[in-house]
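*Asks:* The following block contains a protein sequence and its predicted model.
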Amino acid sequence: MKFKIDCLCLFTLLLAEMVLSFPANYSSIRHKHGRQKRAVVENSQCKKDIEMKGMTLFNYGIDQLTMGAEKPNAGFLESLKTVYDILQTDRNATKWIIAEGLQRSFKQSHRSLLKNAKNANMLESALVRMYTEDHIYREMNSALAQHDCTDKKLTQADKDKAAYATALLATLLYWQNLPGYSKVTYRMIGGVPNIKEALKKYKLRSSVVFPAFSSSSNNLDASIAFAKEGTDANILLVIDNSQPSFWKPKDIAAFSFYPDESEFLYPSLAEFRVISKPLKKQSNGEQYYEIQLQLDGKKFKETLLQKFRRVCKF
């Protein structure tokens, strides 16, 4: 009897030691945190409309961050570049504009911003880290997915996260400290409602556009861990990123709250070509439909106005 008790005590001590050895932000293979993926997609025409008119959430953020000086009517991406230039030249003002909205509706993200961007030179890394935490990610991507392409009636919470969402997108597109990734990434969309209808959106040789920010990993096992157990209503996207593209996934692991996930983040509006039909597969005990995509190879073409701004530094 004493031997059994001693063994039980030893096992308990070993288990406690293992748990204590994990970092505070350790993400287990079941991913107990809430950063699940969504399946909303748009088409190429919608993307063209957004590149001209913007999206309501981002447009509101552009207006906030530029104090009304910039309107995306002449070009959404040019307006985002202006936002990034302002972020570079007036970091403290940008930080406090973002913080004002977060303080009203997203208090945990507000605290994260003030902590990680206490030094304003760390603002970009703080914006990226906030995305990987569990506080604002879901609500922000949900708001982007709810747009009718370019338009959405904004709630107060939408308005309060608009400056952050816009600054994050500008950072992903223009911050040189985030290298683009050219190899294969994996994105698991787990527990897809109405899986048959969702799969119809991925027609062979068609284009799909993700209006929200889209997480992926170069670690297949880490991606499969996001599948919903006990169902085949899961979609695994296997993405070829070899083509030159303005929307390359960015390696954010160094700034992530969950560095073990090897996360590569696609900016909002990344476009992909569907290069395979859905194929039902099973791995690590999970069932899913695998679809192969190729990141669209179109580069962003700098306009004459943007060249003028870049050369003249205003």
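*Replies:* That came through, no problem.
*Asks:* What helices and strands are in contact with the helix or strand containing Thr82?
*Replies:* Using DSSP states H and E, Thr82 sits within helix 76-89. Helices and strands touching helix 76-89, by 3 or more C-beta pairs under 8 Å, 6 or more residues apart in numbering; DSSP states H and E, are helix 44-53, helix 56-65, helix 91-105, helix 156-174, helix 304-312. C-beta here means a position set from N, CA and C on the backbone, and glycine is covered the same way.
*Asks:* Pipe those into CSV and attach distance to Met130, mean neighbour count and mean pLDDT per row.
*Replies:* CSV is the format used below for the helices and strands packed on helix 76-89 (distance: least, C-beta to C-beta, whole Å; neighbours: other C-beta atoms under 10 Å; pLDDT from 0 to 100):
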stretch, distance to Met130, mean neighbour count, mean pLDDT
helix 44-53, 23, 16, 94
helix 56-65, 14, 24, 98
helix 91-105, 9, 18, 97
helix 156-174, 7, 23, 98
helix 304-312, 28, 11, 48
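*Asks:* nearest to Ser215, of the ones you listed?
*Replies:* Checking these against Ser215 by C-beta to C-beta gives helix 156-174 as the closest, at 11.8 Å.
*Asks:* and that closest one, what other elements does it pack with?
*Replies:* Using 3+ C-beta pairs under 8 Å, 6+ apart, helix 156-174 sits against helix 56-65, helix 76-89, helix 91-105, helix 123-132, helix 137-145.
*Asks:* In the next helix or strand after the longest one, which residues are buried?
*Replies:* So that's helix 91-105. Next in sequence after helix 91-105, counting helices and strands by DSSP H and E, comes helix 107-116. For helix 107-116, the buried set under the neighbour-count rule, 16 or more other C-beta atoms under 10 Å, comprises 109-110, 112-113, 116.
*Asks:* now swap in stretch 67-77 and tell me
*Replies:* Quick answer for stretch 67-77 (16+ other C-beta under 10 Å): 70, 72, 75-77.
*Asks:* re the thing from before, which one of the helices and strands packed on helix 76-89 lies nearest to Asn194?
*Replies:* Closest of those to Asn194 is helix 44-53, at 20.5 Å (criterion: C-beta to C-beta).
*Asks:* send the alpha carbons of the closest one over as CSV?
*Replies:* The C-alpha coordinates for helix 44-53 follow below in CSV (Å, rounded to 0.1, in the frame of the first residue of the first chain):
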residue,chain,number,x,y,z
SER,A,44,-11.9,39.0,-57.2
GLN,A,45,-14.4,41.7,-58.2
CYS,A,46,-15.1,42.4,-54.6
LYS,A,47,-11.3,42.9,-54.0
LYS,A,48,-11.1,45.3,-57.0
ASP,A,49,-14.0,47.3,-55.4
ILE,A,50,-12.2,47.4,-52.1
GLU,A,51,-9.0,48.5,-53.6
MET,A,52,-10.9,51.5,-55.0
LYS,A,53,-13.3,52.3,-52.2
